[in-house]
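Enquirer: Show me how the following folds:
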Amino acid sequence: MINQISQEVLPINLKSLKRLGIDEISLVKGQGKFVVVLVDLEKGKLIGLIKDRKAKILENYLKNWGNEILEQIEEVSIDLCKMYKNIIKKVCPNAVVTADRFHLTKLLHEELNQGRIDPPTDLEQVPGRKRGVAFRDQKKTAESLEIEQRKQIFAAIKGGKYVLLKRESKLKDKQKIKLYQMKEASPLIEIMHNLKEEFTYIFEKSQNLGEGTLNLAEWMLKAQKYFPKTVRTMKNWFAEIVGYFERKTTNGVVEGINNRLKVLKRCGFGFKNFDNYQKRALLFWHLADSLA
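Expert: Coordinates of the predicted model:
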């Protein structure tokens with residue numbers, strides 16, 4: 001039955017495709033098997049699934065769309081994957097590549113949380129702390145002295161991941177108190193958290209490419225000591241990152257589709273046949289259009 005219905009809907013009409021989103025999801029947890037997800041960002045709809053994320057397979061899949069489709073694509077939003085960038089530059093001659101800001105934010109959050117768990121020991125002196133003193137050592141010192149207030153502060157740091165990563169403006173009163181305690185306990189956390197908030201503000205408030213580029217470059221100078229991995233990645237992807245400020249393009253809609261794809265898999269109790277899974281997924285987004 002699914003094959004009969006799919007013949008009326010598939011292949012998807014791509015004649016209006018201008019902005020493409022590329023991402024990936026793991027449909028088999030813990031096995032490292034990823035499916036490439038292709039999305040029309042303007043329509044917010046799935047337009048393709050690729051069983052394997054190998055470069056040649058993705059390149060051939062896109063080439064099957066034909067030159068007319070590939071040449072009309074104006075922008076492609078991707079995560080921080082060099083393979084995707086190289087393929088797009090090869091097969092979509094008129095497209096600009098935009099690095100998804102939320103994948104970059106994820107990287108920044110990982111470094112911020114690592115600073116909470118175990119601060120790096122090779123930083124220059126941070127105000128209020130001796131150089132090379134890690135959080136675990138501070139905790140041991142506080143507990144050995146049996147200072148009750150200090151114990152509570154370090155307990156707040158230990159369980160404060162959610163509070164630290166969430167936008168400060170969206171925290172509830174109790175969460176704000178906890179954040180204040182964390183900053184009081186560690187000036188390093190205070191600096192890193194303030195930089196995280198400034199990073200988000202730049203992406204949300206910069207009005208154009210010039211302003212966004214300048215603000216981000218200044219932020220990188222301040223942050224490179226505290227977020228070395230994030231800043232290093234930003235240097236390698238700077239042109240693609242600042243491209244965001246032109247159209248405000250993200251892969252947010254792709255992430256939403258990824259979640260629905262996972263639900264579809266669970267509802268089908270898994271799919272042993274990938275082609276059937278792909279057909280069901282595409283029909284989910286496009287069947288209503290064909291009946292309209």
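
Enquirer: Just the element for the closest residue to Glu211 other than its chain neighbours, please.
Expert: Of all residues not flanking Glu211 in the chain, Phe245 sits nearest, at 7.3 Å (C-beta to C-beta, 6 or more residues apart in numbering). (C-beta placed from N, C-alpha, C; glycine too.) Assigned by DSSP states H and E, Phe245 belongs to helix 244-247.

Enquirer: Thought Asn215 was touching the residue nearest to Glu211, still the case?
Expert: No - Phe245 is beyond contact range of Asn215, at 9.1 Å (criterion: C-beta atoms under 8 Å).

Enquirer: So for the two, which residues contact both of them?
Expert: By C-beta atoms under 8 Å, 6 or more residues apart in numbering, Phe245 and Asn215 have these common neighbours: Ser206.

Enquirer: Just the mean pLDDT for the helix or strand hosting Val36, thanks.
Expert: Val36 is part of strand 33-40 when elements are defined by DSSP H and E. Here strand 33-40 scores 90 as its mean pLDDT.

Enquirer: Mind listing the strands it pairs with, and their directions?
Expert: Sheet pairing of strand 33-40 (DSSP bridges) gives strand 19-28 (antiparallel), strand 45-50 (antiparallel).

Enquirer: Can you give me the buried ones in it?
Expert: Of all the residues in strand 33-40, those buried under the rule 16 or more other C-beta atoms under 10 Å are Phe34, Val35, Val36, Val37, Leu38, Val39, Asp40.

Enquirer: want to throw those into a markdown table with distance to Gly159?
Expert: Listed next are the buried residues of strand 33-40 as a markdown table, based on distance: C-beta to C-beta, whole Å:
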| residue | distance to Gly159 |
| --- | --- |
| Phe34 | 32 |
| Val35 | 35 |
| Val36 | 37 |
| Val37 | 34 |
| Leu38 | 40 |
| Val39 | 36 |
| Asp40 | 42 |
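
Enquirer: nearest to Arg116, of these?
Expert: Phe34 (29.2 Å; C-beta to C-beta).

Enquirer: in the sheet, who's paired with that closest one?
Expert: Ser26.

Enquirer: swap in the one 4 residues further on?
Expert: When assigned by DSSP bridges, Leu38 has beta-bridge partners Ile22, Gly48.

Enquirer: Now for it: which residues touch it?
Expert: With C-beta under 8 Å, 6+ apart, Leu38 has these contacts: Leu20, Gly21, Ile22, Leu46, Ile47, Gly48, Leu49, Ile50.

Enquirer: quick one, strands of the stretch 151-292 of the chain?
Expert: In the stretch 151-292 of the chain, no segments count as strands under DSSP state E, counting those that start in this stretch.

Enquirer: Report the residue spans of it with pLDDT below the cut-off.
Expert: By pLDDT under 70, the weakly predicted segments of the stretch 151-292 of the chain are 151-157, 267-272, 287-292.

Enquirer: can you rerun that using 50?
Expert: Across the stretch 151-292 of the chain, the ranges flagged by pLDDT under 50 are 269, 290-292.
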